[in-house]
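Let me see the structure of the following:
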Amino acid sequence: MTDWHHIFGLMLTDLFTGTPYTVELEKDLSIKKQFLDIVIVRKTAGKITKKLPDGLDNLTDHLLITYKSLHESLNAWVIKELMGHYVNYRKQVSDKKLLPEKLFKLYAVTTRLPKKFFSKITPTQTQKGVYTINWGTDQICVIVLSQIAKTKVNAFWCLISSNKQLIDWGMEHYEQRTNEISTVIKQLIDMYKKEGIKVSYTFEDFHREMAKEYLHLLSPDEVLSHYKPSEVLSHYKPSEVLNHYKPEERLLGLKPEELARIKVALEEM
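Below is the predicted model:
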């Protein structure tokens, strides 16, 4: 599995954390090693409370995903492989009787628009960057990341779109589900650097946004423990600080000669 595929799988794991689904990477489907990129399986009952990115609606029990990164092409052979994996997978997860077709949904996620492939078939666009294609009697959802709508719900897709503007948007608006995703985001930024894509929204920016989002969970004491008193006080005017203390408290710690100077100054006022 290439770095891009590994990162994509780990990010999907974060996206589906806290839902009835689990994500499996490199699903082994045969004695002779043949790997399906991603399988997302419903493990428990219940509903997903947060809206998922475009294309990931009307979920069923088994979601089979093939993924093509920046330098890979989505073509007819890829779809044929996906269909082969689907047939094999459906047999494996069924008992004596095959599970109903309605329990399976097929996805092709591609970074680039597959112009050559789309010219040979008739895709139906259902949303910006989201298409449906018919393959025999089956339907496959194709998600083109470089075309996806720049909306908050699509922050996940934007992150892996390889489009600089979309990446920055995704970095700023993606809501992480797990602590581990921070490491994955750093790996993703490193991958973009290798590709020569300069992401203006940095890993440090991502951390700051996450800290802001969860800051309310910390008590004032927990927040202040990270700073020296001088660092905190430097953000306030002396009058703002002194107003919190009684007159006698303000004089504590002063030397006799300092108190004497203050007395003289007051008498001269």
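
Low-confidence ranges, the stretch 101-250 of the chain, go.
Within the stretch 101-250 of the chain, the stretches with pLDDT under 70 are 200-218, 222-224, 226-227, 232-233, 239, 241-242, 247-250.

Next up, the contacts around Asn134.
By CB atoms under 8 Å, 6 or more residues apart in numbering, the contact set of Asn134 is 121-122. To be clear about C-beta, it is placed using only N, CA and C from the backbone, and glycine gets the same treatment.

Check which element follows the helix or strand where it lies along the chain.
Here Asn134 sits within strand 130-135, counting by DSSP states H and E. Using DSSP H and E, the helix or strand that follows strand 130-135 in sequence is strand 138-144.

Touching that next one from outside, list them.
Surrounding strand 138-144, the residues in contact under the criterion CB under 8 Å, 6+ apart are 54-55, 74, 79, 82-83, 86, 101, 105-114, 123, 129-133, 157.

Which among those residues count as buried?
By neighbour count, with 16 or more other CB atoms under 10 Å, those hold 54-55, 74, 79, 82-83, 86, 105-114, 123, 129-131, 133, 157 as buried.

related to what we said a few turns ago, in strands, which of the contacts of strand 138-144 appear?
105-110, 130-133 (DSSP state E).

Determine which two of these are furthest apart.
Greatest spacing in the ones in strands among the contacts of strand 138-144, by CB to CB: Lys105 and Thr110 (16.7 Å).

Secondary structure of Lys91: a strand, I assume?
No - per DSSP: H, G, I helix; E, B strand; the rest coil, Lys91 lies outside any strand segment and is helix.

which residues touch it?
Leu98.

care to break this protein down by domain?
Domains of the chain are assigned by automatic domain parsing as 3-217, 220-268.

just the ones you listed: most buried one?
Compared across the domains of the chain, domain 3-217 shows the largest average neighbour count, a mean of 16 (mean count of other CB atoms under 10 Å).

Just checking the distance from that one to the centre of its chain.
11 Å (CA atoms, centre = their mean, to the nearest Å).

what separates the closest residue to Leu113 other than its chain neighbours from Lys116, distance-wise?
Leaving aside its sequence neighbours, Leu113 sits nearest to Val144 (CB to CB, 6 or more residues apart in numbering; 5.1 Å). Counting by CB to CB, to the nearest Å, the gap from Val144 to Lys116 is 13 Å.

And Lys68, by the same measure?
From Lys68 across to Lys116, the span is 13 Å (CB to CB).

same deal with Asn243?
Asn243 is 71 Å from Lys116, by CB to CB.
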